[in-house]
Structure formats: C-alpha cells, structure tokens
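Asker: I would like to see how this sequence folds:
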Amino acid sequence: MQRPLFQQMYQPVTDALWQKAASIRLLICDVDGVFSDGRIYLGNDGEELKAFHTRDGYGVKALRQSGIEVAIITGRRSAIVEQRMKSLTVPYIYQGQEDKMAAFAELKQQLKLETTQIAFIGDDLADWQVMQHCGLAVAVQDAHPYLALNAHYRTVKAGGFGAVRELADLLLCSRGKFAEFSGSSS
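Answerer: Purely as a prediction, here's the structure:
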C-alpha cells in the first residue's frame, strides 16, 4: 500500500482525504502562487518572467500518463504560462479568467465529470470560488489563511517549490500508481 509511503514523504492523511484523492480524474491548478512562487518579475522592456519547478512538471506528466487530466485556470495571461503548459502537454489552458467558475463549468461538462472527481489547487481567495465546488480542495503551504483553513488538504510544500508535485504524489499514491512514470519534467 502506498499510503505509508506518501505519509513518510509528506504528512499524515485521513481515510476521508485518501478516498477523495483516489476518486480524482481531473486536477485543476491556478498558476501564480501554485506553479510559481507568486512573484512576477518585470523587465525594463515589459518582459515578464516566472520560475517553474521541474518537480511540478514531472508530477503533471506522471498524472497525465496515469489517466488523470490536468488543466489550468488563471486570472492572468502570459506567453510564458502557455509555453510551459504546452511543454508539459497540459491540454486545458484557461488564461485571463476573471470568472474562474465559467472555465470550471466548461471543463466539468466537456469531460463529463462529477464534482467529486475534480481537484483544485490554489493559493488565494480568487481560487476559493472554484475550490468550494470540487471534491478535493487543496491550498499550497503559503496560501492565504482563509484558503488554508477551508481546504481539504494543505500542502507541506509552498507554491512554486513542489506543491503541485506533492499533490500529484498524493493522487498517484492513492491510486497505487506512484513511481510508474519514467519520463522527464521537460
């Protein structure tokens, strides 16, 4: 059983959380503060830079290979995000979403999923709108306190420092598919 392994790597999880994780078929992620540390670097010529952790990339690819779809819904638009998500083969990229619920509803309908089959990982109040409608609501370690208090799970890792990978490991372990992926993080 892979639950003891996950708990050794990260933290204890309840039976209820483990069952929620095992039923997930779609992981939706915010970007700024989740895939990145939330800081936005702007150059003198308006160039925008973000840092992404390769471990998160590995987790995304492992999820997709195991049959769990991955999507992003973010309020900002960025060519860097488009490029990174395409390199990770993320098929559902929703940028510039002031109302994240519209994208959520579209994904849910398109993939014919129940709310119990959807997880969302976020870091701030704009994410709560969707998170409260998901079977598994996850806050990164350094999330806004309200999110951390109301999420089903709070990662040990901070946003931009492996939080997505931690959640991927939870989902993979709960399905008995941890360490089955042998690809790269791109």
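Asker: Is the residue nearest to residue 20 when sequence neighbours are not counted bridged to anything, and to what?
Answerer: Spatially, and ignoring its direct neighbours in sequence, residue 20 is nearest to residue 136 (4.7 Å; C-beta to C-beta, 6 or more residues apart in numbering). C-beta here means a position set from N, CA and C on the backbone, and glycine is covered the same way. With DSSP bridges applied, residue 136 shows beta-bridge pairing to residue 119.
Asker: What pLDDT is listed against the residue positioned nearest the centre of the chain?
Answerer: In the chain, the C-alpha closest to the average C-alpha coordinate belongs to residue 29, at a distance of 3.7 Å (C-alpha atoms, centre = their mean). Looking at residue 29, its pLDDT stands at 98.
Asker: Provide a complete list of residue ranges assigned to strands in the chain.
Answerer: 26-29, 41-42, 48-49, 69-73, 92-94, 118-122, 136-139, 153-154 (DSSP state E).
Asker: Other residues contacting the last one?
Answerer: In other words, strand 153-154. 13, 17, 136-141, 143, 148, 167, 170 (C-beta atoms under 8 Å, 6 or more residues apart in numbering).
Asker: Tell me where this structure has helices.
Answerer: Residue ranges of the helices in the chain, as given by DSSP state H, are 3-9, 15-22, 54-65, 79-87, 100-110, 125-131, 145-150, 163-174.
Asker: Determine which stretch of those is the most buried.
Answerer: helix 163-174 (a mean of 26; mean count of other C-beta atoms under 10 Å).
Asker: and that helix, average pLDDT?
Answerer: Averaged over helix 163-174, pLDDT sits at 98.
Asker: Now find how far off-centre it is within its chain.
Answerer: Its chain's C-alpha centre and that of helix 163-174 lie 9 Å apart, by C-alpha atoms, centre = their mean, to the nearest Å.
Asker: ditto for stretch 100-108
Answerer: With C-alpha atoms, centre = their mean, you get 15 Å for stretch 100-108.
Asker: and if you look at stretch 59-72?
Answerer: The answer for stretch 59-72 is 10 Å, by C-alpha atoms, centre = their mean.
Asker: Compute the first-to-last residue distance for that stretch.
Answerer: One end of stretch 59-72 sits 14 Å from the other (C-alpha to C-alpha, to the nearest Å).
Asker: and for it, what are the contacting residues?
Answerer: If you take C-beta under 8 Å, 6+ apart as the criterion, stretch 59-72 is touched by 24-31, 35, 81, 85, 88-95, 107, 111, 164-169, 171-172, 175, 177, 180-181, 183-186.
Asker: Nothing else from me, thank you.
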